[in-house]
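Participant: Generate coordinates for the sequence data below:
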Amino acid sequence: MVSGSTKSRKLLLLVVGWCIDCNLQVFVPRAPLITRSSWQTRWAEGGNTAGGVKRVLPSATRPANRDAHVFIPLDNYDSKLSDLFHGEDVLFIRGGVGVGKSTLQLDLARQYPQTFVSVPFAESSEESWRSGIIAAIENATGQTVARGPTRLEQALKNLAEAELTLVLDEAHTLFPFDEIRELLFKNVNHPKVVLFSASSEGSTSGGTTPAEITRKFFWIPPILPIGDDFISQLEEAGVCLNAESVAFFMKFCAGHRSIFMRAMVWVTKQQEAKWNYSQTVTAVRNSMDRNDWFKRGSIWEELVKSRAVKVNGRFSELEKVPMNFVKILCEGPSALSSLDERREMTIHGFVVPAQQMPGNEEFTEMDWTAPDTQYAVSNPIMASYYRCQLERFRSLAVRVDPYIPVSCLDLLLRAIPYLTFARVVGFAPISPALGALSASDLPFEDQYNIAIKNALQELGYRAASYQSPKHGKVDVFVNFDGDGGGATFSMEGIMADRGQPAVNEHRQRFDNLDAYSKATYKVLFIIGKRKQVHNRVLATRAEGVEIIGLVPDVSHTRYDILYRGAQAEQDQDPKPYVVECDLVARGVDGNGALTDCQPWI
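Facilitator: Model (predicted):
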């Protein structure tokens, strides 16, 4: 008797033989078919993806792997960290949530196994830390450590003798464990250690940063030049942009790595063909609605999925947002005296230690154990999200101090903290012939002018553009009523790269046109790169007109300001200021020092 399966095999052989005799081709699918759009197919046929996607965009919740994901370069960090030790054995590096700490921690051991041993974080229990550290050391040294009460101590001694550096993530969770802390930071045989964390405190009152750790830094990863390899990686993941477009998104996302990756997810959902620079900017601008973070298809809808923008977990609902965070959001950096509050707000990503002397360094040395340490909102995009949501759904309101500003600088400082890259490029240039950015790789002066005017209007000022062919076309004109006749402010902007003759022509308008000359306070502000701006500010006469230089950093998270007063002598060095783009209006006090002037109602 022939079984059913044997009959089936014979029948299949007969059918295949018949097809061969008849010169017919048989297609037998081996796997489910994947449908690709026409433009994805063209990329594959062109050899860019070798017929399929090699890489994917990294998950929003897991570290990126340079072999599997689109990977923003992390090169030369062996030498960078070596320089930071400065003769000490322990290095503690903090950074905001989602900036790449966990990715760097794991990548160090993958890239430099002869130097670093990384311990994957599992959970925050003492036993998990012990077993994880021992297993990583045994794997790196090839030496099995005998079980017993001194097992961890012996493992750390083996690592020190091998001259390897231990790298730990979520380091704040091990601070409460006395013995581990003792062996890592005090024992005579301890190895070099690099710690990464968003927070400096553990879960108990004794879990603060150990006093033995003296090399403490805050990490802000820089925006790197966009190379061909990174462009190719994005293409493999279904994102087809030129280098200028990728750089645009880096700036738009305030240089934040996890937010940038969410923007790339948005691109994959929107693209039907490769985007050039102009198409990229247009697509982003058309999708934006500043007050609607959940508008279907907008870039905001995707960015809010990053935990660096919207805090998840038990603080995910607006009703549970800490009140001290709201105070910092509205009024600016503030100290947090409660250890529990500091821990919760830093671990969840609401705030980071504020830099006392802001600069452009990647690693800023910082003593966050000082009692007067202040904390600021983690990034401008988070600040924008929570301001919009709390105003819309929780009736949040802020105001600026009602007094009339004492200078154009005093008034302009109200608006500058609102001039994020996303906000400035969100306004289309007046001339349709203009490209995406100016010759200096910055937005155009009319975009800055509109953004300044818009920010002042939102703060309750009567700001407008004065357009009179006879009396002058003032970029931003602000009028104040008050006792004694009030005051008027006439503000004119120009890009530094237009050259000194153009700057001089703009300055002359304050001499020749009524709309400029009759204002109570007058300013010419010059925007651009540092060297050009400094030269223009020095070379432009004041004589009753304030001269202000505005130098945004590459991602517009901070502005350096160079100020020469209305009565400044020629060639008098400008006074420097630094203002963060944190959506908190500033001003100057009677001594010319920066002050916050945006109380929370």
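
Participant: pLDDT wise, what is the residue nearest the centre of the chain at?
Facilitator: In the chain, the centroid-proximal residue (Cα atoms, centre = their mean) is residue 256; its distance is 2.8 Å. At residue 256, the pLDDT value in this model is 94.

Participant: and the gap between it and residue 222?
Facilitator: Using Cβ to Cβ, to the nearest Å, we find residue 256 at a distance of 12 Å from residue 222. Every C-beta, even on glycine, is put in place using the N, C-alpha and C of the backbone.

Participant: In the stretch 301-450 of the chain, mark out all the helices, start to finish.
Facilitator: 323-331, 339-347, 380-393, 408-415, 421-425, 445-458 (DSSP state H, counting those that start in this stretch).

Participant: on that earlier part again, enumerate every residue touching the residue nearest to the centre of the chain.
Facilitator: Contact analysis of residue 256 by Cβ atoms under 8 Å, 6 or more residues apart in numbering lists 96, 98-99, 306, 308, 379, 381.

Participant: let's see it at 6 Å
Facilitator: For residue 256, the contacting residues are 308, 379, by Cβ atoms under 6 Å, 6 or more residues apart in numbering.

Participant: Dig out what residue 493 forms beta bridges with.
Facilitator: Beta-bridge partners of residue 493, counted by DSSP bridges, are residue 525.

Participant: What is the burial count for it?
Facilitator: By other Cβ atoms under 10 Å, 21 other residues sit near residue 493.

Participant: swap in residue 69?
Facilitator: 19.

Participant: Please apply the same query to the one 10 residues further on.
Facilitator: Residue 79 is flanked by 11 other residues according to other Cβ under 10 Å.

Participant: Going by secondary structure, it is in what exactly?
Facilitator: helix 77-85 (DSSP states H and E).

Participant: what pLDDT does the spatially closest residue to residue 102 that is not a sequence neighbour get?
Facilitator: With Cβ to Cβ, 6 or more residues apart in numbering as the criterion, residue 102 has its nearest non-adjacent residue at 4.2 Å, and that residue is residue 63. Residue 63 carries a pLDDT score of 94 in this model.

Participant: Contacts only, for residue 63.
Facilitator: Counted by Cβ under 6 Å, 6+ apart, residue 63 has contacts 102-103, 106.

Participant: Could you dump the helices of the stretch 301-450 of the chain into JSON lines and include distance to residue 148, mean pLDDT and mean neighbour count?
Facilitator: JSON lines is the format used below for the helices of the stretch 301-450 of the chain (distance: least, Cβ to Cβ, whole Å; pLDDT from 0 to 100; neighbours: other Cβ atoms under 10 Å):
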{"stretch": "helix 323-331", "distance to residue 148": "47", "mean pLDDT": "96", "mean neighbour count": "19"}
{"stretch": "helix 339-347", "distance to residue 148": "34", "mean pLDDT": "92", "mean neighbour count": "20"}
{"stretch": "helix 380-393", "distance to residue 148": "48", "mean pLDDT": "95", "mean neighbour count": "20"}
{"stretch": "helix 408-415", "distance to residue 148": "64", "mean pLDDT": "97", "mean neighbour count": "25"}
{"stretch": "helix 421-425", "distance to residue 148": "57", "mean pLDDT": "93", "mean neighbour count": "24"}
{"stretch": "helix 445-458", "distance to residue 148": "65", "mean pLDDT": "95", "mean neighbour count": "21"}
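
Participant: Quick one: closest of the ones you listed to residue 547.
Facilitator: Nearest of the helices of the stretch 301-450 of the chain to residue 547, taken as Cβ to Cβ: helix 408-415 at 9.9 Å.

Participant: helices or strands up against the closest one?
Facilitator: In terms of contacts (3 or more Cβ pairs under 6 Å, 6 or more residues apart in numbering; DSSP states H and E), helix 408-415 is packed against helix 445-458, strand 487-495, strand 586-588.

Participant: if we go to 8 Å?
Facilitator: The contact analysis (3 or more Cβ pairs under 8 Å, 6 or more residues apart in numbering; DSSP states H and E) places helix 408-415 against helix 445-458, strand 487-495, strand 521-527, strand 546-552, strand 558-564, strand 586-588.

Participant: Within the helices and strands, which one has residue 133?
Facilitator: helix 126-141.

Participant: contact partners of that helix?
Facilitator: With Cβ under 8 Å, 6+ apart, helix 126-141 has contacts from 109, 113, 117-122, 143-145, 151-152, 155-156, 158-159, 162, 164, 166, 168, 173-174, 177, 180.

Participant: hmm, back to that, look up phi and psi at the residue nearest to the centre of the chain.
Facilitator: phi -90, psi 130 (degrees, to the nearest 10).

Participant: that older thread, okay, the residue nearest to residue 102 and residue 174: tell me how far apart.
Facilitator: Note on residue 63: its distance to residue 174, by Cβ to Cβ, is 19 Å.

Participant: same check, this time on residue 105
Facilitator: Applying Cβ to Cβ to residue 105 and residue 174 gives a distance of 14 Å.

Participant: re the thing from before, which among the helices and strands packed on helix 408-415 is found nearest to residue 226?
Facilitator: strand 546-552 (19.0 Å).

Participant: So residue 464: helix, strand or coil?
Facilitator: strand (DSSP: H, G, I helix; E, B strand; the rest coil).

Participant: Which strand residues bridge it?
Facilitator: residue 477.

Participant: tell me the contacts of it?
Facilitator: Applying Cβ under 8 Å, 6+ apart, the residues contacting residue 464 are 453, 476-478.

Participant: CSV for those, including distance to residue 420?
Facilitator: Shown next, in CSV, are the contacts of residue 464 (distance: Cβ to Cβ, whole Å):
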residue, distance to residue 420
453, 16
476, 18
477, 24
478, 21
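
Participant: Which one of those residues is nearest to residue 425?
Facilitator: Nearest to residue 425 among the contacts of residue 464, with distances taken as Cβ to Cβ, is residue 453, at 15.6 Å.

Participant: Could you double-check that that closest one sits in contact with residue 476?
Facilitator: Yes. Counting by Cβ atoms under 8 Å, residue 453 touches residue 476, with 5.0 Å between them.

Participant: And residue 464, how far from residue 489?
Facilitator: 11 Å.

Participant: what touches both of the two?
Facilitator: 476-478.

Participant: could I get those residues as a markdown table with neighbour count, distance to residue 593 and pLDDT?
Facilitator: Listed next are the shared contacts of residue 464 and residue 489 as a markdown table, based on neighbours: other Cβ atoms under 10 Å; distance: Cβ to Cβ, whole Å; pLDDT from 0 to 100:
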| residue | neighbour count | distance to residue 593 | pLDDT |
| --- | --- | --- | --- |
| 476 | 27 | 24 | 95 |
| 477 | 22 | 27 | 94 |
| 478 | 26 | 23 | 95 |
